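Enquirer: compute the structure for the input listed below.
(one chain, ligands or ions: 1)
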Amino acid sequence: MEERMKAEEKKIGIVEAWLRKHRLQFTGAIRHPFVLSIRDGSIDMASFKTWLAQDYLFVRAFVPFVASVLIKAWKESDDGSDMEVILKGMASLEDEISWFKREASKWDVPLSDVAPQQANINYCRFLEKLMGPETQYTEVITAFWAIEAVYQESFAHLLEEGSKAPPELKETCERWGNEGFGQYCQSLLKIATRRLQKASDHQIKRSELALLTVLELEVEFWNMSRVNA
Ligand SMILES: Cc1ncc(CN)c(N)n1
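Expert: Residues are numbered from 1 along each chain as shown. So this is what the prediction gives:
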């Protein structure tokens, strides 16, 4: 079984093999009922507002995480261009934070007194673990790609044919569903794949586990938005 998996990983690429192996978990994260409710237009705006406020907090915590990936790329990467990809992603977070503030004011969501909910706290704790010096670049770049890819795949689906996403949420869908963000995710995937090809079995195992943890935490994050509607 293990040997067959290894042969498949060589043929189609390690991340693609993982996505096939963990298809159910991946689909669960990118086709969550919260996302599907935007697509079919039945979204409860209270759920959307919960998501908006919680994701604003998440993105603020995401900035130092991305900074830590940048530092690890600088110290550990075998390719100087990794840093440029990560730096571009980091720079775009400034605009993202401004967008959250604008969107929150549009929907009358007070961001100043919003407290992180448990799923958010758990996710940010995981980010902090990845930021530690004991977690290596290969594992963090894999997790970083997975975090971005879940949003990209989720929101791109809301722009595809047949979507009845409310027009007032179009900007939200475009933020992560646009082609440029898709290309950025592809660049992160390329880095992760390159690193995984050279990684030890231990690092490969840890990276696969990090991917699975991201998928679980993303599902919990979407769940939180719905539960508190
Ligand atoms: C929970 C979550 N996951 C991913 C992303 C995309 N950076 C986000 N904004 N929030």
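Enquirer: now stretch 112-122: how far from the chain's centre is it?
Expert: A distance of 17 Å separates the centroid of the chain from that of stretch 112-122, by C-alpha atoms, centre = their mean, to the nearest Å.
Enquirer: one more: stretch 52-59?
Expert: Here stretch 52-59 is found 13 Å from its chain centre; the criterion is C-alpha atoms, centre = their mean.
Enquirer: that one near the ligand at all?
Expert: Yes: part of stretch 52-59 sits near the ligand under the criterion C-beta under 6 Å from any ligand atom, namely Asp55, Phe58, Val59. Every C-beta, even on glycine, is put in place using the N, C-alpha and C of the backbone.
Enquirer: from the residues you listed, which ones fall inside helices?
Expert: Applying DSSP state H to those, the entries found in helices are Asp55, Phe58, Val59.
Enquirer: counting neighbours, what do you get for the first one?
Expert: Yep, that's Asp55 we're talking about. Neighbours of Asp55 under the rule other C-beta atoms under 10 Å: 19.
Enquirer: excluding chain neighbours, what is closest to it?
Expert: Closest residue in space to Asp55, ignoring its immediate chain neighbours: Phe100 at 7.1 Å, by C-beta to C-beta, 6 or more residues apart in numbering.
Enquirer: ok, the second one next?
Expert: Leaving aside its chain neighbours, Phe58 sits nearest to Asn120 (5.8 Å; criterion: C-beta to C-beta, 6+ apart).
Enquirer: and the one you found, what does it touch?
Expert: The contact partners of Asn120, by C-beta atoms under 8 Å, 6 or more residues apart in numbering, come to Gln54, Leu57, Phe58, Phe221, Met224.
Enquirer: show me where this structure has helices.
Expert: 2-12, 14-21, 23-30, 33-39, 45-76, 81-106, 118-131, 137-157, 170-177, 179-198, 201-227.
Enquirer: and the residues of stretch 52-59 next to the ligand as TSV, adding pLDDT?
Expert: Putting the residues of stretch 52-59 next to the ligand into TSV (pLDDT from 0 to 100) gives the following:
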residue	pLDDT
Asp55	98
Phe58	98
Val59	98
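Enquirer: nearest to Leu159 among those?
Expert: Asp55 (18.3 Å; C-beta to C-beta).
Enquirer: surely Val114 meets Tyr56?
Expert: Yes: checked against C-beta atoms under 8 Å, the pair Val114 and Tyr56 is within contact range at 7.3 Å.
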